[in-house]
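> can't give you the sequence, but here's the structure:
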């Protein structure tokens, strides 16, 4: 999810961020990412959009997103 948001550089709908996990698993991960401050979620029309909080995270924890993206295996 984080990798897809980083690659898109724009907000994406929830359904565009997972395709190989159950909806309940994705919901759990969205909650963890939101609660940790890595993503922001908002409603646009009838879709829940997700934005990676790059500037905010970099200000608070310089290099963390770069480390996360570098350490995450690509599938």
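That came through, no problem. On a predicted model such as this, the values are computed, not experimentally measured, just so you know.

> how about the closest residue to residue 56 other than its chain neighbours, secondary structure?
Of all residues not flanking residue 56 in the chain, residue 37 sits nearest, at 7.0 Å (C-beta to C-beta, 6 or more residues apart in numbering). Every residue, glycine included, has its C-beta placed from N, CA and C. With DSSP: H, G, I helix; E, B strand; the rest coil as the basis, residue 37 sits in coil.

> Residue 49 belongs to a helix?
No: checked against three-state DSSP, residue 49 lies outside a helix; its state is strand.

> where's it relative to residue 23, distance?
Look at residue 49 and residue 23: by C-beta to C-beta, to the nearest Å, they are 17 Å apart.

> quick one, phi/psi of the residue located most distally from the centre of the chain?
Here the chain reaches farthest from its C-alpha mean at residue 45, the gap being 19.5 Å by C-alpha atoms, centre = their mean. Here is the backbone geometry of residue 45 (degrees, to the nearest 10): phi 70, psi -120.

> where's it relative to residue 39, distance?
Distance from residue 45 to residue 39, by C-beta to C-beta: 19 Å.

> and what of residue 33?
Here residue 33 is placed at a distance of 4 Å from residue 39 (C-beta to C-beta).
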